[in-house]
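Novice: How does the following fold in three dimensions:
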Amino acid sequence: MKLAFSTVGCPDWTFDEIFAAAVDFGYDAIEIRGMGNEICAPKLKIFSDFSIDSTMEKLRNSNLTISMFTSNSVIGFPDIVEEAKKEAFDYIDLAYKAGVPFVRVFISPRPEADEIDMNCAVSAYSEICEYAKDKKVTPLIETNGVFADSKVLAEFMRRIDCENKGVLWDVHHPYRFFNEAPEYTFENIGGYLKYMHIKDSVYHSGKLEYRMVGYGDVPIYDILKLVSDGGYSGFLSLEWTKRWLPELQEPGIVFSHYINYMRDLIEEVGKSK
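Specialist: Next comes the predicted model:
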């Protein structure tokens, strides 16, 4: 399995700082979810037509890749779905130019299902997958919002008749918000699994607190063992949401801890086989 971190965890860093940290800490990849004041990856100067080739060459020369472009395309609401599809298409075009295999979309940022139109989401996601097919890009739907209920996500995926469909398993949301055992989640979505977000948390005095991996109670080792036994060898990307929660610890500390902690866990998982 390969280790990455999302730039959502270092919103104040420049690309050069992000690149240097990835190289120094020994990461395999960087997941792009905005930099500085710009959250939209296709608008970043490093991915402009004038800069994208040199950006990707710089990464390749240091044995780094971009694991995913993480869009904010929300496909569960009819009143914004056309805008959401346009954003997804822009991200897919960028992924094609950069040789990046995955783009993230999601149905809703909230767990409430009242306003979501599932038929709208099925149609939009199918159209997004079809657009991405010839560009060798896989649009991933995340275990977020109502899809943190993995049974609901599995039912949705069965309605999608596209070979390049896939699931991004954010290991935190089904466990924390729907009390799912990892085995249950994996049983539902394991056949579609293409990418993973890793984060940890605890409830302290009745309030959710995000913690560095290993300092919360999300069963990360059990999840890694489960997916490894199931044949998963893809990215394990740290999603440290400092862009939204500036009080979280600084990225230099967190990124360094993550890669060392996860390397040890991956080694333990390998020895257990």
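
Novice: Mind jotting down where the helices sit in the protein?
Specialist: Under the criterion DSSP state H, helices of the chain are mapped to 15-25, 52-61, 81-98, 118-133, 150-158, 172-178, 182-189, 220-229, 251-271.

Novice: would JSON lines of the ones you listed with mean pLDDT and mean neighbour count be doable?
Specialist: Glycine gets a C-beta too; all of them are placed from N, C-alpha and C. Converted to JSON lines, these look like this (pLDDT from 0 to 100; neighbours: other CB atoms under 10 Å):
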{"stretch": "helix 15-25", "mean pLDDT": "96", "mean neighbour count": "16"}
{"stretch": "helix 52-61", "mean pLDDT": "96", "mean neighbour count": "14"}
{"stretch": "helix 81-98", "mean pLDDT": "96", "mean neighbour count": "19"}
{"stretch": "helix 118-133", "mean pLDDT": "95", "mean neighbour count": "19"}
{"stretch": "helix 150-158", "mean pLDDT": "96", "mean neighbour count": "18"}
{"stretch": "helix 172-178", "mean pLDDT": "93", "mean neighbour count": "21"}
{"stretch": "helix 182-189", "mean pLDDT": "96", "mean neighbour count": "19"}
{"stretch": "helix 220-229", "mean pLDDT": "94", "mean neighbour count": "18"}
{"stretch": "helix 251-271", "mean pLDDT": "93", "mean neighbour count": "16"}
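
Novice: can you pull the contacts of residue 46?
Specialist: 15, 35, 52, 55 (CB atoms under 8 Å, 6 or more residues apart in numbering).

Novice: what's the closest non-adjacent residue to residue 115?
Specialist: residue 77 (6.5 Å; CB to CB, 6 or more residues apart in numbering).

Novice: Who are the contact partners of the one you found?
Specialist: Shown in contact with residue 77 (CB under 8 Å, 6+ apart): 84, 108, 115, 116, 117, 120.

Novice: Equivalent analysis for residue 244, please.
Specialist: By CB under 8 Å, 6+ apart, residue 244 lies in contact with residue 8.

Novice: swap in the one 10 residues further on?
Specialist: Residues touching residue 254, when contacts are defined by CB under 8 Å, 6+ apart, comprise 9, 212, 238, 240, 248.

Novice: For residue 1, which of the helices of the chain is the nearest?
Specialist: helix 251-271 (5.8 Å; CB to CB).

Novice: now that closest one and helix 15-25, what's the angle there?
Specialist: Orientation of helix 251-271 against helix 15-25 (axes from the mean of the first three to the mean of the last three CA atoms, to 10 degrees) gives an angle of 40 degrees.

Novice: Against residue 250, how distant is the nearest residue to residue 80 once chain neighbours are set aside?
Specialist: The shortest distance from residue 80 to any residue other than its chain neighbours is 6.6 Å, reached at residue 74 (CB to CB, 6+ apart). Residue 74 sits 30 Å away from residue 250, going by CB to CB, to the nearest Å.

Novice: Would you mind telling me which of the two has the busier surroundings?
Specialist: Set residue 74 next to residue 250 and count neighbours by other CB atoms under 10 Å: residue 74 wins out with 23 against 12.

Novice: out of the contacts of residue 77, what pair is the most spread apart?
Specialist: Maximum pairwise distance in the contacts of residue 77, criterion CB to CB, is 14.1 Å, between 84 and 115.

Novice: wouldn't residue 178 be in contact with residue 149 here?
Specialist: Yes - with contact defined as CB atoms under 8 Å, residue 178 counts as touching residue 149 (5.1 Å).

Novice: can you pull the contacts of the most centrally placed residue in the chain?
Specialist: With the centre of the chain defined as its mean C-alpha position, the nearest residue by CA atoms, centre = their mean is residue 197, 4.9 Å away. By CB under 8 Å, 6+ apart, the contact set of residue 197 is 6, 142, 168, 169, 170, 171, 172, 237, 238, 239.

Novice: Alright, calling it a day.
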